[in-house]
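Asks: For reference, the sequence and a predicted model appear below.
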Amino acid sequence: SKDGTVRLWQLPNGRLLQTLPLDGALGQMNNQVDNQFFNQPERVAQLLWQDARWIGGTLGGTLVVGAAAPLAIQQASQAHRDGISAIALSPDRRWLATGSTDGTLKLWHWPTVTAQHQLSHGWSLSAIAFTPDGQHLISGSRDGTIEVWQIQFSVTNLP
């Protein structure tokens, strides 16, 4: 949230179960991750939930993966130069995609969260999604363009 926390809520009653201050938790991981971005306050811009893990993208470009119970960060890495504006997981759960305001897309192997490919859409990304068959990744940017990327052993941009 805007206050730099991730909160776990119980549904349907809306009871707050746990709060994780993201700034403090990322700062504690500073010794484990080789980067320079912890000097800036991190704010979560995107969240995704999968298999009792949460995946977060921050305004500073950090990709964060955490456990739900208890709410904790498992890993964090500098994924993009600018903020992460979109996150998607492929239907077969093999690929995690992140899109950034810097115009780049990254494909990560899931669940290891190992970077595999970097693509350039060219403009600040506002949305990404996998097709239901998982064979294509679609990216949309703030300039109104849409790109379709074929996902195979290699990644190619379709005309």
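Replies: Received the coordinates, thanks.
Asks: Is Ile128 bridged to anything, and to what?
Replies: Ser139 (DSSP bridges).
Asks: So which helix or strand of this structure has the lowest pLDDT on average?
Replies: helix 22-28 (a mean of 52; mean pLDDT, DSSP states H and E).
Asks: Show me what the helix or strand following that one pairs with in its sheet, parallel or antiparallel.
Replies: Counting by DSSP states H and E, the element after helix 22-28 in chain order, helix or strand, is strand 44-50. Strand pairing for strand 44-50, using DSSP bridges, gives strand 53-58 (antiparallel).
Asks: Touching the strand it pairs with from outside, list them.
Replies: By CB atoms under 8 Å, 6 or more residues apart in numbering, the surrounding residues in contact with strand 53-58 are 6, 22, 42-49, 63-68, 74, 79, 83-87, 89, 96, 98, 111. For glycine as for every other residue, the C-beta is placed from the backbone atoms N, C-alpha and C.
Asks: go again using 6 Å as the cut-off
Replies: Contact with strand 53-58 is made by 42, 44-48, 63-66, 84, 87, 98, as judged by CB atoms under 6 Å, 6 or more residues apart in numbering.
Asks: I'd like the distance between the most centrally placed residue in the chain and Arg15.
Replies: Nearest to the geometric centre of the chain sits Gly57, at 4.0 Å (CA atoms, centre = their mean). The gap separating Gly57 from Arg15 is 26 Å, by CB to CB, to the nearest Å.
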